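Q: I would like to see how this sequence folds:
(2 chains)
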2 protein chains.
Amino acid sequence: MTRHKLRIIPLGGLGEIGKNMMAVEYGEDILIIDCGMMFPEDEMLGVDLLIPDITYLLEHKHKLRGIVITHGHEDHIGALPYILPQLDLPIYATKLTQGLISVKLKEHRSLIKARLKLITPGVRFQVGGFKVEAFPVCHSIPDAVGLIIYTPLGAIVNSGDFKIDYTPVDGRPTDLSKLAKLGNEGVLLLMADSTYSELPGYTPSEKIVGQTLEHIIGDAPGRVIIATFSSLISRIQMVIDAATHHKRHVFIVGRSMRDTVKMALELGYLHDAGQVLCTADDLKKYSHSQTILLTTGSQGEPTSALVRIANRDHPEIRVHQGDTVVISATPIPGNESLINRTIDNLFRQGANVIYGSRSNVHVHGHGSQEELKMLLTLAKPRFFMPIHGEYRHLVIHAGLAKSLGIQESNIFVMDNGNILEVDGEKARIAGKLPYGNVYVDGLVLGRHAQVILRDRKLLSRDGIVVVIVALDKNKGCLVGTPDIVSRGFVDAEHDGTVINQGRELVASTLGKGHHTEQSAIHTRIKETLSKFFYEKTKRRPMIITTAIEV
Amino acid sequence: MTRHKLRIIPLGGLGEIGKNMMAVEYGEDILIIDCGMMFPEDEMLGVDLLIPDITYLLEHKHKLRGIVITHGHEDHIGALPYILPQLDLPIYATKLTQGLISVKLKEHRSLIKARLKLITPGVRFQVGGFKVEAFPVCHSIPDAVGLIIYTPLGAIVNSGDFKIDYTPVDGRPTDLSKLAKLGNEGVLLLMADSTYSELPGYTPSEKIVGQTLEHIIGDAPGRVIIATFSSLISRIQMVIDAATHHKRHVFIVGRSMRDTVKMALELGYLHDAGQVLCTADDLKKYSHSQTILLTTGSQGEPTSALVRIANRDHPEIRVHQGDTVVISATPIPGNESLINRTIDNLFRQGANVIYGSRSNVHVHGHGSQEELKMLLTLAKPRFFMPIHGEYRHLVIHAGLAKSLGIQESNIFVMDNGNILEVDGEKARIAGKLPYGNVYVDGLVLGRHAQVILRDRKLLSRDGIVVVIVALDKNKGCLVGTPDIVSRGFVDAEHDGTVINQGRELVASTLGKGHHTEQSAIHTRIKETLSKFFYEKTKRRPMIITTAIEV
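A: Purely as a prediction, here's the structure:
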């Protein structure tokens, strides 16, 4: 048997939090782990989302054997609707993850009939030449798994997103014994979640949130409105449990959460023995002190139910004095101001808002430093690659591994597109794919998105000025007066002075001359106006000139 | 003597963090407290800064007696260059604050000869009909004061920005005895800083940062680069002290910090007995282990020295393996991603970066809940108005006051422009000024800025399409082919299909018809193209049409 080199190529999720994807290649087989999306950063104006760059996979289509998904969060499944039409592969996932993938593909009206294969933790399955086994991990969604991939060179472990919770709500803790056993047998390479590697200590158990919600709901004088992520199924279960205990009815507000709850009830991941879940039609039947509203919008998303409620903009629900609002989530970096504004608006309307890390209404789903050390200690990998995190998280995680005695030369802090090549003995970074971001902007999967984004940035800063001149087709001289239209620059409607002066300036610049060289005209108009506008306004709008020949 | 009502009107700093300004009016006198600016929020595209709306002050110019400044931070002095030309008033400030105001006016090349009046804590001074006394408070800048304003109806206390630090670096703690004495004599109204009212407990002393910096500098194998705010003069002193102790030389990088350090040395707020401060020319004389660089850029500001260093974009300074970088600041909300990116880039270049609240390299300058309670307990005010903070901070601060036994009806959570009217016995909110934001955008103090900002937002989202048609002046029919120019919409340079199809669509829509009604043409083109572009791209660019008659 020929021994090949093993190649591990992260295609997303390194140096960033989101759009996780990883290729594992051995000989003629490539297995893909996860297929996530990521929300754009502020300066990516107008972009809807980012997905991994799969150029390498498209170039090696004949080797692709399947996509294994670790859990059902957007940053692990969100790119499927965009990538499945290009890579029609079987998808391996646990039951709830399958349910969430189906909801997602339905949302996108995907015509692809996804080939979903059910996996069961502890039961090995074959993906091309790879033997794979999933093991349960705790995360902020049920049915999350880590993966063991058995290769001829040794076992590879991918932790997925994980934390260690001895008292998880679904009673299914991270399988530490499995990891310990594997560690004793020998792990070639560990790839582990670095998202919270900055945090010392241990991440608290989800249980603490249940206790807090129980108290809040018990003490609330009026209605309770709880905002969380729709994928936080254990959180939803806690609300149902507390509602049952305190004889309240739970109303789900918003389509995405309704869809998820319906699916999770059907698949048995949510239980409503007390039948406290109600439909919106019943909302008026119960008094405020008998009511809990469960909604999305914990990130201050402008179109979410919570934000519309906070802005007095929701068709049915108004906040009243005496309402208690619980924000059961932490801000995703970049969303802080949106969330703060929502909290302020809820306070303005007399609600008591409970939020923030000190209120114990949320714990996150990733391991802190001591948990990361525990995984490293149990798995005892020969090689280590921190994954899932911005660059500093990877560096800090690498530092933890080093502090536990893993040789620095065996630790690989990588970028997306880097290729880790492993033979039985050694590992090294063997190059880098030309790696780009793929922007989803409407329907367009932009290849030249950088230009569009640069223009949007310029437009957003100082606006645009469009100059239209008509030239005589034969003589090349100016016909009539130039026209100037501007947007986002000065307030031309209330004070047209600058624009009018600009128009005169263009006319006098072109004068009565004969202009045969169009590009020279454009340059002259741009230079003259640019200087003039800057002097008058200290702004530099984008200037576009267009000459019509008549 | 006629007894007037006292009117307190916050003109900025309520429901927001920044652009603090407050008017205190009694009879024929108005005294102004602070004159700050604020950085715009993300969606205020292209706006440079925000300043308070002073319409009310301009309408009552004859009553204005002076501006008293509590300390030299931007959110308390930053609007002076914009407002002094409109309100030529004497400015009362302590010595360092005066120095910072002078630096600021010089930066703006202000032609106004500011009438600066020196105030000394504990020494009463007269501003129109008001007797005023400043008392020292601790904050993240020396020479900060709170104010006592003696009015015929009683004493008003404005805390300024404050924390309680028993071991401040400048040896000048908050004057608790003064406040206690005043509380016993009776305080009519307390207005107090709410910025950190969300935080339980006490804010740590600045001293802890000195100890941490001392350790970091002592242990660092190579160069140390420390980024902080130029106004954090006590922090700069600590660096000088630690450098002296560890025999290192300190180089100030960046103009604003150099200006501040120079001024603070001259005024005696910084001491460099060991003469460790060097000029940039000497940088090459010393080895890395003898060097400390002190710079701004702790907020990830794109043009700052630190960010340029992190991006390998600085003309002189490169980060090397073995460098230690200390980010001695916390992110101002909204700046998180910029700072994180800077940290990531520094790590990428091999630096060890020390940052974040757990590293003790920064403490903030505002009181936490126990300090706020202490002030309320000492001052024992009849009426209380939480100031300086977003709405939730004010509500939480009001809750603390209530928990200490202040009657709810005597606590006023207000908005900018609200008028608090106080007679000897009662206080009430007696109306609201029509209050607007004033945007500084280049030179323009925009009155109709909302329109400009709305357009910039639209432009930034889906770009712009400009359609130019030429019409025969007599017959009203289309001449030649329509022209379409787009920016930030699709990549017309690499794939002009959508734009070309749009052009044909406009031509066929207008056909050979005679168009006498210009507005009808614009509407038809817009509707047709808007629908077409959305179908093709799922984006809705701004569409501008312009018809030239030839």
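
Q: which is the next helix or strand following the helix or strand bottoming out on mean pLDDT in chain A?
A: Every helix and strand in chain A was compared by mean pLDDT, DSSP states H and E; the lowest is strand A:444-446, with a mean of 58. Toward the C-terminal end, the helix or strand that comes next after strand A:444-446 (DSSP states H and E) is helix A:449-462.

Q: Using PDB, write out every CA atom in that next one.
A: Only the C-alpha atoms of helix A:449-462 are listed here, as PDB (Å, rounded to 0.1, in the frame of the first residue of the first chain):
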ATOM      1  CA  ALA A 449     -16.400  42.400  -5.200                       C
ATOM      2  CA  GLN A 450     -13.400  44.400  -4.000                       C
ATOM      3  CA  VAL A 451     -14.000  47.100  -6.600                       C
ATOM      4  CA  ILE A 452     -17.700  47.300  -5.800                       C
ATOM      5  CA  LEU A 453     -17.000  47.500  -2.100                       C
ATOM      6  CA  ARG A 454     -14.300  50.200  -2.500                       C
ATOM      7  CA  ASP A 455     -16.800  52.300  -4.500                       C
ATOM      8  CA  ARG A 456     -19.500  51.800  -1.900                       C
ATOM      9  CA  LYS A 457     -17.100  53.000   0.800                       C
ATOM     10  CA  LEU A 458     -16.200  56.100  -1.200                       C
ATOM     11  CA  LEU A 459     -19.900  56.800  -1.900                       C
ATOM     12  CA  SER A 460     -20.700  56.400   1.800                       C
ATOM     13  CA  ARG A 461     -18.100  58.800   2.900                       C
ATOM     14  CA  ASP A 462     -18.600  61.900   0.900                       C
END
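
Q: Who are the packing partners of that helix?
A: Under the contact criterion of 3 or more CB pairs under 8 Å, 6 or more residues apart in numbering or on different chains; DSSP states H and E, helix A:449-462 touches strand A:438-441, strand A:542-549, helix B:449-462, strand B:478-487. All C-beta spots, glycine's among them, are computed from the backbone N, C-alpha and C.

Q: is stretch A:506-514 anywhere near chain B?
A: No - Stretch A:506-514 stays clear of chain B (CB under 8 Å from any CB of the partner chain), getting no nearer than 13.7 Å.

Q: Buried residues, that stretch. List them.
A: Neighbour counts over stretch A:506-514 (16 or more other CB atoms under 10 Å in any protein chain shown) mark A:Val506, A:Thr509, A:Leu510 as buried.

Q: do the same with stretch A:227-247
A: Applying 16+ other CB under 10 Å to stretch A:227-247 flags A:227-244, A:246 as buried.

Q: Let's see which of the residues you listed end up in helices.
A: Judged by DSSP state H, the buried residues of stretch A:227-247 include A:Ile233, A:Ser234, A:Arg235, A:Ile236, A:Gln237, A:Met238, A:Val239, A:Ile240, A:Asp241, A:Ala242, A:Ala243, A:Thr244 as members of helices.

Q: Please look at the second one and A:Asp165 and confirm they touch.
A: No - taking CB atoms under 8 Å as the definition, A:Ser234 is not a contact partner of A:Asp165, at 9.8 Å.

Q: follow-up on the earlier one: also near chain B: which of the buried residues of stretch A:227-247, exactly?
A: Within those, nothing lies near chain B by CB under 8 Å from any CB.

Q: Can you tell me, leaving aside adjacent residues, what's nearest to A:Asp313?
A: Using CB to CB, 6 or more residues apart in numbering or on different chains and skipping residues adjacent in sequence, the residue nearest A:Asp313 is A:Val307, 8.0 Å away.

Q: burial of the one you found, as a residue count?
A: Neighbour count of A:Val307, defined by other CB atoms under 10 Å in any protein chain shown: 25.

Q: and it, what is it in contact with?
A: Applying CB atoms under 8 Å, 6 or more residues apart in numbering or on different chains to A:Val307 gives the contacts A:Gly297, A:Gly300, A:Glu301, A:Asp313, A:Leu338, A:Thr342.

Q: The first one: what secondary structure?
A: Which is A:Gly297. coil (DSSP: H, G, I helix; E, B strand; the rest coil).

Q: what's next to the helix or strand that contains A:His76, contact-wise?
A: Element membership of A:His76 [criterion: DSSP H and E] is helix A:74-77. Contacts with helix A:74-77, where a contact means CB under 8 Å, 6+ apart, come from A:13, A:17-20, A:34-38, A:69-70, A:97, A:100-101, A:104, A:160-161, A:231.

Q: Mind doing that once more with 6 Å?
A: A:Gly18, A:Asn20, A:Asp34, A:Gly36, A:Met37, A:Ile69, A:Thr70, A:Ile101 (CB atoms under 6 Å, 6 or more residues apart in numbering or on different chains).

Q: Kindly indicate which of the residues you listed lies nearest chain B.
A: A:Gly18 (12.9 Å; CB to the nearest CB).

Q: now that closest one, nearest residue through space, not along the chain?
A: A:Gly18 sits nearest to A:Met38 (CB to CB, 6+ apart), 2.8 Å away.

Q: what's across from the one you found in the sheet?
A: Bridge pairing for A:Met38 (DSSP bridges) gives the partners A:Leu50.

Q: hang on, it packs against A:Lys19?
A: Yes - contact criterion CB atoms under 6 Å: A:Met38 and A:Lys19 qualify, at 3.9 Å.

Q: how about A:Pro40, what does it touch?
A: A:Val47, A:Leu50.

Q: In which helix or strand does it reside?
A: A:Pro40 belongs to no helix or strand, assigned by DSSP H and E.

Q: Could you check the pLDDT of it?
A: Listed pLDDT for A:Pro40 reads 81.

Q: Roughly how far does it sit from chain B?
A: A:Pro40 sits 11 Å away from chain B, going by CB to the nearest CB, to the nearest Å.
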